[in-house]
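In: I would like to see how this sequence folds:
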Amino acid sequence: MNSTGAIILGACLFIIMFGMGLSLTIADFKRVAKRPKAILIGLINQIILLPLIAYTLLILFDARPEIAVGFMILAACPGGTTSNLLTHLAKGDTALSVSLTAFSSLITIISIPLIIQFGLDTFLNSNQRVDVDEVKIIGQLLIIVIIPIGLGMLIKSKKERFADQMEKPVKIASGALLFLVIVGLLIKERATIPMHFVEAGTLILSLLFLSSAVGYLTAKIFNLGLKESISISIESGIQNGTLAIAIATGVLNSTEFAIAPSLYGVLMYLPGLFFILMRSRLSTKQ
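Out: Take a look at the predicted model:
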């Protein structure tokens, strides 16, 4: 990715994380003490089960190395603000969704370098090996995740009305920038995407629906309510694809690793759409 693309991607990610901060308060984090079971189940699904499902799919499908590494980067990333929006539209527990997104964003600062290194060691041969500086990745994640979230939360605490007014424009701006980034990556890799489309698309759809299903089932097994189960399911299935693209192109300097996250940005809405339609039908019947 050229310098212009890197700047746009960095701005996009900063705006997305800043927008998340505008919707968060200290009370959201205190909520964990009141509902530890729901938070814990959601985080186990996101941090542990999701990468395991991704790895299993890659072994079963015998994926190409560049797709496999991009896929593992994607599975290592936390939930994104899109999951919060889809949870709201699906009439899930939006507060739980926001809390899970915030906490997974903090925890994955440590887990992302480990999962990426595992993916590189497992799926690349010795000639393709990429050295990962875990400390550098953690530092970059702190800058592009923690600082904008913290800034957004600070504004929310000092200027709540302004933060509420800015939340929607920020989401629109981040969505527009993300669209430009994905289009740019697809154009740059237009020669290789056709041969990867079926393979990567099949893997992405499988991951989306399997992780969403596992999230919903684990929530139900532990007797969580319908709203909480929907939130955990969507949070388990929808990850921060923008962060995955930023890591692939900015940290690992590979647009090939960004192919899977880029296609994911197009397909990730399907599980959320399923729950939105399901809840709409239930509301109509009632």
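
In: Can you pull the poorly scored residue ranges out of the stretch 51-200 of the chain?
Out: 126-134, 171, 174-175, 177-182, 184-186, 188-195 (pLDDT under 70).

In: got the residue ranges for the strands in it?
Out: Secondary structure of the stretch 51-200 of the chain (DSSP state E, counting those that start in this stretch): no strands present.

In: Next, the residues that contact stretch 204-216 from outside, please.
Out: Identification of contacts with stretch 204-216 by C-beta atoms under 8 Å, 6 or more residues apart in numbering yields 42, 45, 49-50, 53-54, 57, 61, 71, 74-75, 229-230, 232-238, 260, 263-264, 267-268, 270-271, 274. Where you see a C-beta, it was placed from the backbone N, CA and C, and this is true even at glycine.

In: Now restrict those to buried residues only.
Out: 42, 45, 49-50, 53-54, 57, 61, 71, 74-75, 229-230, 232-238, 260, 263-264, 268, 271, 274 (16 or more other C-beta atoms under 10 Å).

In: contacting residues around residue 227?
Out: 91, 92, 93, 96.

In: could I get those residues as TSV with neighbour count?
Out: Shown next, in TSV, are the contacts of residue 227 (neighbours: other C-beta atoms under 10 Å):
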residue	neighbour count
91	17
92	28
93	22
96	24
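
In: Out of these, the closest to residue 199 would be?
Out: Of all these, residue 92 has the smallest distance to residue 199: 31.5 Å, by C-beta to C-beta.

In: Show the contacting residues for the closest one.
Out: Residue 92 sits next to 227, 228, 229, 230, 231, 234, 275 when contact means C-beta under 8 Å, 6+ apart.

In: quick check, nearest of those to residue 125?
Out: Closest to residue 125, out of all of those and judged by C-beta to C-beta, is residue 234, at 36.5 Å.

In: which SSE is the closest one in?
Out: Following DSSP states H and E, one finds residue 234 within helix 226-237.

In: before we move on, what about residue 17?
Out: Using DSSP H and E, residue 17 falls in helix 3-22.

In: Quick one: neighbours of the residue lying closest to residue 17 once chain neighbours are set aside, just the number.
Out: Excluding its sequence neighbours, the residue lying closest to residue 17 (C-beta to C-beta, 6 or more residues apart in numbering) is residue 148, at 3.8 Å. Other residues near residue 148 come to 20 when the count uses other C-beta atoms under 10 Å.

In: Might you quantify the distance of stretch 204-213 from its chain's geometric centre?
Out: 13 Å (C-alpha atoms, centre = their mean, to the nearest Å).

In: model confidence over it, on average?
Out: Here stretch 204-213 scores 90 as its mean pLDDT.

In: Buried residues of it, list them for me.
Out: For stretch 204-213, burial by neighbour count (16+ other C-beta under 10 Å) applies to 204, 205, 206, 207, 208, 210, 211, 212.

In: any idea how far residue 104 is from residue 39?
Out: As judged by C-beta to C-beta, to the nearest Å, residue 39 and residue 104 stand 10 Å apart.

In: In terms of neighbours, single out the busier of these two.
Out: Just comparing residue 39 and residue 104: by other C-beta under 10 Å the higher neighbour count belongs to residue 104, 25 against 20.

In: just checking, that one touches residue 78?
Out: Yes - using C-beta atoms under 8 Å, residue 104 is in contact with residue 78, at 3.7 Å.

In: Can you pull the residues that touch both of those two?
Out: residue 46.

In: Number of residues surrounding the closest residue in space to residue 79 that isn't next to it in sequence?
Out: Once flanking residues are discounted, residue 79 sits nearest to residue 101: 4.3 Å by C-beta to C-beta, 6+ apart. Using other C-beta under 10 Å, residue 101 has 27 neighbouring residues.
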